[in-house]
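Peer 1: My questions are about this predicted structure, shown below with the sequence.
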Amino acid sequence: MADGRRWEEMQVDCLVNIFRRLALDDLTLSVPFVCKCWWRASLDPSCWRLLHFRSLDFMPWSPFSRSFTSLYRLKTLSFSHFMRLVVHRSRGSAEELIFPLSVGASIQDLAYVSIKCPRLKSLALPDHLMLEDDLRIPDLVGSWRDLEQLEMETKSSSFLLVIAEIGRNCARFSRLKVRGLIGKEDAKAIVDRLPQLKHLELSKSYLTKDELVVIISGCRKLETLIVRDCLGFQADDEVLRLASRITTFEHEGSKLLDEYGYETDESEQQTGIFYW
């Protein structure tokens, strides 16, 4: 209406309160091009606290990449360049960062955010890093003193060192999600190094009853334990009794043997790699 208020006349703090709830594609492709007022409001660091990259497609032919390169007049778009753009706009205020699983993310990107995002509370690591890069993860993860949550789509070869660094440096850490072969040393490290752990997810892992019992018995503050679709155990009466103190215990789909009647291949256990 002619006598109504115009969008561009909204107070900046109101616009910021709205924009901070938007995803990265909206913040970069839509909001800045509405008007100067919206563009200025979108530059507020609080709009960039949640850096969730996993829903974005950085392939050159994707609608997101094509729209971004067209609007910003670029020839190509890489994940690293986009990540640096939004990290710069966060001005050190980012609290959650979810890397894409396998497209474009590198150990250099992780090292960059370890410097530029010192306040991270939640981190989901990229998948399938090179072995030599994998070994750098413990030092980088340990630099986030406020870290409360870590997600590893695949258990890294340096998992024990990662857990040790978290236990040493991250006093508020309470949530871990990892998938892979969970051996005796892994279970013991989780119990010994993460005394404040409240939420643990090991779904689609190789996990025997012995290791599961160690975790249930040792992690006394667990409120949530999710071990769905695992191989190596079935939730028998003993497991259910021990887990009865845990508020949420999800074990559906887990079984002792695979479809061929084997627990797992010995070579897979030795390498720490578990294939479905």
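Peer 2: Now that the structure is in, tell me what you want to look at.
Peer 1: Are we agreed that residue 58 is in a strand?
Peer 2: No: note on residue 58: no strand contains this position according to DSSP: H, G, I helix; E, B strand; the rest coil, which reports coil.
Peer 1: Provide a list of residues in contact with the residue nearest to it when sequence neighbours are not counted.
Peer 2: Nearest residue to residue 58 in three dimensions, chain neighbours excluded: residue 79, at 4.8 Å (CB to CB, 6 or more residues apart in numbering). Quick note: C-beta positions are derived from backbone N, CA and C, even for glycine. The neighbours of residue 79, taking CB atoms under 8 Å, 6 or more residues apart in numbering as the test, are 53, 58, 100, 103, 104, 105, 109.
Peer 1: Show me where the stretch 101-250 of the chain has its strands.
Peer 2: 122-124, 149-152, 175-178, 199-201, 224-226, 248-250 (DSSP state E, counting those that start in this stretch).
Peer 1: The helix or strand residue 81 falls within: which residues count as buried?
Peer 2: Using DSSP states H and E, residue 81 falls within helix 79-90. Residues of helix 79-90 classed as buried by neighbour count (16 or more other CB atoms under 10 Å): 79, 82, 83, 86, 87, 89, 90.
Peer 1: Turn those residues into TSV, including pLDDT.
Peer 2: Shown next, in TSV, are the buried residues of helix 79-90 (pLDDT from 0 to 100):
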residue	pLDDT
79	92
82	95
83	95
86	95
87	96
89	95
90	95
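Peer 1: Looking at those residues, which is nearest residue 48?
Peer 2: residue 90 (3.7 Å; CB to CB).
Peer 1: The residue nearest to the closest one when sequence neighbours are not counted: neighbouring residues, count only.
Peer 2: Counting by CB to CB, 6+ apart, residue 90 lies nearest to residue 48, which is 3.7 Å off, once chain neighbours are set aside. For residue 48, the neighbour count with other CB atoms under 10 Å is 24.
Peer 1: Mind pulling up the pLDDT for residue 48?
Peer 2: At residue 48, the predicted lDDT confidence score is 95.
Peer 1: surely it meets residue 86?
Peer 2: Yes: here residue 48 reaches residue 86: they are 5.7 Å apart, a contact under CB atoms under 8 Å.
Peer 1: what sits in contact with each of those two?
Peer 2: residue 27.
Peer 1: so who does residue 101 touch?
Peer 2: 54, 126, 127, 128, 153.
Peer 1: cool, and residue 138?
Peer 2: Listed by CB under 8 Å, 6+ apart, the contact set of residue 138 reads 158, 161, 162, 164, 165.
Peer 1: roughly how far apart are the residue lying closest to residue 147 once chain neighbours are set aside and residue 150?
Peer 2: Residue nearest to residue 147 in three dimensions, not counting chain neighbours: residue 170, with 4.4 Å by CB to CB, 6+ apart. Distance, residue 170 to residue 150, by CB to CB, to the nearest Å: 9 Å.
Peer 1: and stretch 95-103, what's its mean pLDDT?
Peer 2: Here the average pLDDT along stretch 95-103 is 87.
Peer 1: So what's the gap between it and the chain middle?
Peer 2: 6 Å (CA atoms, centre = their mean, to the nearest Å).
Peer 1: Just the buried residues of stretch 32-42, please?
Peer 2: Residues of stretch 32-42 classed as buried by neighbour count (16+ other CB under 10 Å): 32, 38, 41, 42.
Peer 1: Could you export the residues you listed to CSV, including columns for secondary structure?
Peer 2: Converted to CSV, those look like this (three-state DSSP):
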residue, secondary structure
32, helix
38, helix
41, helix
42, helix
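Peer 1: Could you identify the most distant pair in those?
Peer 2: Within those, two members stand farthest from each other by CB to CB: 32 and 41, at 9.6 Å.
Peer 1: Give me the pLDDT value at the spatially closest residue to residue 140 that is not a sequence neighbour.
Peer 2: Distance criterion CB to CB, 6+ apart; nearest residue to residue 140, sequence neighbours excluded, is residue 114 at 4.5 Å. Looking at residue 114, its pLDDT reads 93.
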